[in-house]
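Engineer: Fold the following for me, if possible:
(2 chains)
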Amino acid sequence: AQTVTQSQPEMSVQEAETVTLSCTYDTSENNYYLFWYKQPPSRQMILVIRQEAYKQQNATENRFSVNFQKAAKSFSLKISDSQLGDTAMYFCALNAGNNRKLIWGLGTSLAVNP
Amino acid sequence: ETGVTQTPRHLVMGMTNKKSLKCEQHLGHNAMYWYKQSAKKPLELMFVYNFKEQTENNSVPSRFSPECPNSSHLFLHLHTLQPEDSALYLCASSPAPGANEQFFGPGTRLTVL
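Structural biologist: Okay, the predicted model is just below:
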């Protein structure tokens, strides 16, 4: 079975500081994709960053980067220079297997404090 | 804006009512999805449509009835709902089923009294 675990239900960070959200997953597939989605209080879920499992290089999108540890099945999200607009729920998701359904974690609620 | 719109944004209904949720995507995608988002639970995939054909029904009760008249529009018809069906219902689209990224609408907050 494929699973995604986010062990931090809530986190907070001061504006301009760096925060890391953790995600672990389990799959027997060799070829898969991992995602971090962000859901702000307005509720529209948007993709933050994507990682292909076959790529060794960690994905980066501006202030967002991941630490992808394939052997450990770990996929953490680092947010640098946190901004108030980063306040949101963050979901880790796995896309693997023939049916390619997204498997979701429970989410981490991040609050960026002024 | 992600190019996926949903109406209404909020809906309150009694258990005997019939209502419909609407989703529209302006991205030219072929696959559309309905998800249920409840507190303390992972997102639950309900239905998947590809080129207007239903390709997945995740054991959803028959009181939820999806309709996909074309690749741009997706409906969720609701009837005889239960209070535990109260949740945020999210619509998403992607270029094809299983494509890497899904684009989400803002959701409909449904309350069943």
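
Engineer: And the residue nearest the centre of chain A?
Structural biologist: Taking Cα atoms, centre = their mean, the centroid of chain A lies closest to residue A:36, which sits 3.3 Å from it.

Engineer: And that residue, which helix or strand is it part of?
Structural biologist: Secondary-structure assignment from DSSP states H and E places residue A:36 in strand A:32-39.

Engineer: What mean pLDDT does that strand get?
Structural biologist: Computed over strand A:32-39, the mean pLDDT rounds to 94.

Engineer: cool, and stretch B:74-85?
Structural biologist: Mean pLDDT, computed over stretch B:74-85, is 95.

Engineer: contacts for it?
Structural biologist: B:13, B:15-25, B:32, B:34, B:46-47, B:49, B:63-69, B:89, B:91, B:110, B:112-113 (Cβ atoms under 8 Å, 6 or more residues apart in numbering or on different chains). (Each C-beta comes from the backbone N, C-alpha and C, glycine too.)

Engineer: residues of that stretch that come out buried?
Structural biologist: Using 16 or more other Cβ atoms under 10 Å in any protein chain shown as the test for burial, stretch B:74-85 gives B:74, B:75, B:76, B:78, B:81, B:85.

Engineer: The helix or strand of chain B with the lowest mean pLDDT packs against which elements?
Structural biologist: When the helices and strands of chain B are compared on mean pLDDT, DSSP states H and E, strand B:53-57 comes out lowest with a mean of 87. In this structure, strand B:53-57 packs against strand B:44-50, strand B:64-70, with contacts taken as 3 or more Cβ pairs under 8 Å, 6 or more residues apart in numbering or on different chains; DSSP states H and E.

Engineer: Sheet partners, orientation included, of that strand?
Structural biologist: Using DSSP bridges, the strands paired with strand B:53-57 are strand B:44-50 (antiparallel).

Engineer: and the angle for the least confident helix or strand of chain B with strand B:64-70?
Structural biologist: Between the axis of strand B:53-57 and that of strand B:64-70 there is an angle of 150 degrees, by axes from the mean of the first three to the mean of the last three Cα atoms, to 10 degrees.

Engineer: So which residues make contact with strand B:53-57?
Structural biologist: A:99, A:101, B:45, B:46, B:47, B:48, B:49, B:66, B:68, B:97.

Engineer: give me every residue that touches the second one.
Structural biologist: Residue A:101 makes contact with A:95, B:45, B:56, B:98 under the criterion Cβ under 8 Å, 6+ apart.

Engineer: now it: how far from residue A:43?
Structural biologist: 22 Å (Cβ to Cβ, to the nearest Å).

Engineer: Also the fifth one?
Structural biologist: Using Cβ to Cβ, one gets 20 Å for the distance from residue B:47 to residue A:43.

Engineer: In terms of neighbours, single out the busier of the two.
Structural biologist: Taking neighbours as other Cβ atoms under 10 Å in any protein chain shown, residue B:47 and residue A:43 compare with residue B:47 leading, 22 against 19.

Engineer: who are the neighbours in contact with the more buried one?
Structural biologist: The neighbours of residue B:47, taking Cβ under 8 Å, 6+ apart as the test, are B:33, B:34, B:54, B:56, B:57, B:58, B:60, B:66, B:76.

Engineer: how far out from the middle of the chain is the lowest-mean-pLDDT helix or strand in chain A?
Structural biologist: Comparing every helix and strand of chain A by mean pLDDT, DSSP H and E singles out strand A:102-104 as the least confident one, with a mean of 90. The gap between the average C-alpha position of strand A:102-104 and the chain average comes to 12 Å, counting by Cα atoms, centre = their mean, to the nearest Å.

Engineer: which helices and strands sit right next to it?
Structural biologist: Taking 3+ Cβ pairs under 8 Å, 6+ apart as the contact definition, the neighbouring helices and strands of strand A:102-104 are strand A:3-5, strand A:88-96.
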